[in-house]
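Engineer: Turn this into a model:
(chains A and B)
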Amino acid sequence: MMLEVSNLNVYYDNIHAIKDLSIEVEEGRIVCLIGANGAGKTTTLQSISGLLPVRSGEVSFKDQSIIKKKAHLITQMGIAQVPEGRRVFTNLTVLDNLRLGSFAIKDSNQNKEKEIKRIYDRFPILKERSAQRAGTLSGGEQQMLAIGRALMSRPKLLLLDEPSMGLSPIYVETIFEVIQDLIDEGVTILLVEQNANIALSISDYAYVLETGRIVKSGTAEELMNDTDVKVAYLGA
Amino acid sequence: MNFLLQLLNGLQIGSIYALVALGYTMVYGIALLINFAHGEIIMLGAYTTVFTIQLLLAQTDLPYFVAIIPTIVICTLIGIIIERLAYKPLRNSPRISNLITAIGVSLLLQNTMMKIFGAQARSVPSIFHAKPLDFFGAKISVTTVVTIAVTAVLTILLQLFIKKTKYGKAMTATSEDYGAAELVGISVDRTLTMTFAIGSALAGVASLLYVSAYPQAEPMMGSMLGIKAFTAAVVGGIGLIPGAVLGGLILGIVEALTRAFISSKLSDAIVFGLLILVLLIKPSGLLGEDRKEKV
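Structural biologist: Numbering: from 1, shown residues only, chains lettered A, B, ... in the order given. Model (predicted):
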């Protein structure tokens, strides 16, 4: 199993934010986590990537426990996260942001430069903006940069946190086209989205999160046809 | 002629303020912490210089400035130890706890040194003893030239390190967003250690240059020097490397000129009055902008 989370419990001081959460992501699949604002989607991803301390439970990546590991070590193991709100380094150039994406990866500079070229092929606008400070980019461009930066570490598992948030429809389309390309290339993805329509349309499997608890799960198709899900998340 | 001489004196002490201010500003840029113990690192550096010269170098034919090596090593180690023991455990505490801890570390170091070596000042043998140089008719000491040159070179090297190298860029990234830095594989712990190490190494250089100009070491010497350098960092724009250097030089020149031409008693009042004035007009410091380029 690429990623296995079992009985995860996360607290913010006394607030029980994630309750006995268990999810699985198989290699080569795209799994999504949908839910309303404040349901605990971002908290779940940050617990996996090591940014938040976990109270109890287990997270394993390729059958290796990563629960107490620091975030930068988890990144080195092959999990990259595209954080909510993009969080690009605004004072550094686009190119420097990408270079930092492979900060901890032991690889030749040639290979890293090749990876940058691949990312520029995926997002030609980033190549044009290469020497610009990331803070000068539009929201959509920053989202592309955040994805590009995460891809620089050539992750085995990609955690995507609300990639559509705050973007115009054109950018949402571009971003999800790239996500589809990544799926076709065999990257394993755990996607968190408020936009359930678009998330279910590209996912293999999905979990529904409500107030820190998984309330439903199934193949994307099953959930798309589920009456409760339709009413609550798909606006039907 | 006297004016030129005083200007050079100002540049000399200003260079020392600048080196110390760099340490304050780098640590603030990354950790948002005012490291009040930074002045005490200078004091410990000064003692290291004195003892190295008296106990080792005086028995050999080596020039006294070789003391820079143990001074830098000791200052760097102490900076790292302070960060690990005092600040790291408080990483997620409110900022006021860090501030109080910093003051505590500063007092601890002052009083420990006073207990061990006594409160009286120790004199430092002259470190650079070449003949004064002739500069447009003014006689300037080698110490002045060395101080200004060393500061200029170190500032340029530091700026190149931060702007051009992978680890320098990692520092900039960390200063912006700890979480995002961790997510790209940067160890925030290691980056902070590196920041303290660099700041303390610069303090080591500053301490040798300081005792070359004012040949005394005593337990309280770091406190006024530290406050002035911190003032310099704030005047220039805290968190900004060029700001720390500019602030340091301005402070040094203002101090030297008031001391020479207005009143030596009033010079500190005028220097700190300047701080208040600058902050009233430009609260973010001379080079500070809304778009902050930290570190």
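
Engineer: List, one by one, the residues from chain A near chain B.
Structural biologist: Of all the residues in chain A, those in contact range of chain B (CB under 8 Å from any CB of the partner chain) are A:49-51, A:70-72, A:75-76, A:80-81, A:83, A:87-92, A:96, A:99-105, A:135, A:149-150, A:152-153. Quick note: C-beta positions are derived from backbone N, CA and C, even for glycine.

Engineer: and these, which are buried?
Structural biologist: For the residues of chain A next to chain B, a burial check counting by 16 or more other CB atoms under 10 Å in any protein chain shown picks out A:49-51, A:71-72, A:75-76, A:80-81, A:83, A:87-92, A:96, A:99-105, A:149-150, A:152-153.

Engineer: Let me see the ranges of the helices in the stretch 151-295 of chain B.
Structural biologist: Using DSSP state H, counting those that start in this stretch, the helices found in the stretch 151-295 of chain B span residues B:166-176, B:178-183, B:188-213, B:221-236, B:241-261, B:267-281.

Engineer: okay, the ones you listed in TSV with mean neighbour count next?
Structural biologist: As requested, those are exported to TSV (neighbours: other CB atoms under 10 Å in any protein chain shown):
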stretch	mean neighbour count
helix B:166-176	22
helix B:178-183	23
helix B:188-213	24
helix B:221-236	25
helix B:241-261	23
helix B:267-281	14
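
Engineer: quick one, which of the ones you listed is nearest to chain A?
Structural biologist: The closest of these to chain A is helix B:178-183. By CB to the nearest CB, the value is 3.7 Å.

Engineer: tell me how far the closest one is from the chain's mean position?
Structural biologist: 29 Å (CA atoms, centre = their mean, to the nearest Å).

Engineer: neighbouring contacts of that helix?
Structural biologist: Counting contacts by CB atoms under 8 Å, 6 or more residues apart in numbering or on different chains, the residues outside helix B:178-183 that touch it are A:49-51, A:70-72, A:75, A:80-81, A:83, A:87-89, A:150, B:170, B:173-174, B:188, B:191.

Engineer: okay, now B:Gly23: neighbour count?
Structural biologist: 31 (other CB atoms under 10 Å in any protein chain shown).

Engineer: Can you pull the residues of the stretch 51-200 of chain B lying near chain A?
Structural biologist: Neighbours of chain A within the stretch 51-200 of chain B, by CB under 8 Å from any CB: B:166, B:169-170, B:172-173, B:176-177, B:179-189.

Engineer: circling back: which of the residues of chain A next to chain B fall within strands?
Structural biologist: If you go by DSSP state E, those have A:Ala80, A:Gln81 in strands.

Engineer: I'd like the helices of the stretch 151-295 of chain B as a markdown table, with mean pLDDT appended.
Structural biologist: Listed next are these as a markdown table, based on pLDDT from 0 to 100:
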| stretch | mean pLDDT |
| --- | --- |
| helix B:166-176 | 96 |
| helix B:178-183 | 97 |
| helix B:188-213 | 97 |
| helix B:221-236 | 94 |
| helix B:241-261 | 95 |
| helix B:267-281 | 89 |
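
Engineer: Now do the one helix or strand B:Ile16 maps to, average pLDDT.
Structural biologist: If you go by DSSP states H and E, B:Ile16 is part of helix B:2-31. Taken as a whole, helix B:2-31 carries a mean pLDDT of 95.

Engineer: name the helices or strands packed onto it?
Structural biologist: When contacts are defined as 3 or more CB pairs under 8 Å, 6 or more residues apart in numbering or on different chains; DSSP states H and E, helix B:2-31 sits against helix B:38-51, strand B:138-140, helix B:142-164, helix B:166-176, helix B:188-213, helix B:221-236, helix B:241-261.

Engineer: With adjacent residues omitted, what lies nearest to B:Ser15?
Structural biologist: Excluding its sequence neighbours, the residue lying closest to B:Ser15 (CB to CB, 6 or more residues apart in numbering or on different chains) is B:Thr151, at 3.6 Å.

Engineer: where's that neighbour relative to A:Ile79, distance?
Structural biologist: Remark: distance between B:Thr151 and A:Ile79 (CB to CB, to the nearest Å) = 44 Å.

Engineer: quick one on the thing from earlier: OK, contacts around the residue nearest to B:Ser15?
Structural biologist: Contacts of B:Thr151 (CB under 8 Å, 6+ apart): B:Ser15, B:Ile16, B:Ala18, B:Leu19, B:Leu209, B:Val245.

Engineer: how many other residues sit next to the first one?
Structural biologist: With neighbours defined by other CB under 10 Å, the count for B:Ser15 comes to 27.

Engineer: what about it, distance to B:Ile270?
Structural biologist: Per CB to CB, B:Ser15 is found 20 Å from B:Ile270.

Engineer: B:Ala37 touches B:Thr112, doesn't it?
Structural biologist: No: contact criterion CB atoms under 8 Å: B:Ala37 and B:Thr112 do not qualify, at 11.8 Å.

Engineer: Just want to know which of the two has more residues nearby.
Structural biologist: Between B:Ala37 and B:Thr112, counted using other CB under 10 Å, the more crowded position is B:Ala37 (28 against 13).

Engineer: dump the residue contacts of the more buried one.
Structural biologist: By CB under 8 Å, 6+ apart, the neighbours of B:Ala37 are B:Ile82, B:Ala86, B:Ala102, B:Val105, B:Ser106, B:Leu109.

Engineer: and what of A:Gln194?
Structural biologist: Residues in contact with A:Gln194, defined by CB under 8 Å, 6+ apart, are A:Ile34, A:Gly35, A:Ala36, A:Asn37, A:Lys41, A:Glu162, A:Ser164, A:Met165.

Engineer: switch to 6 Å and redo it
Structural biologist: A:Gln194 makes no contacts at all, as judged by CB atoms under 6 Å, 6 or more residues apart in numbering or on different chains.

Engineer: tell me the SS of A:Gly57?
Structural biologist: Assigned by DSSP: H, G, I helix; E, B strand; the rest coil, the conformation of A:Gly57 is strand.

Engineer: Just the pLDDT for the closest residue in space to it that isn't next to it in sequence.
Structural biologist: If the residues on either side of it in the chain are set aside, A:Gly57 comes closest to A:Leu8, at 3.6 Å by CB to CB, 6+ apart. Per-residue pLDDT puts A:Leu8 at 97.

Engineer: so what's the backbone phi/psi at A:Leu8?
Structural biologist: Phi and psi for A:Leu8, reported as degrees, to the nearest 10, are phi -80, psi 130.
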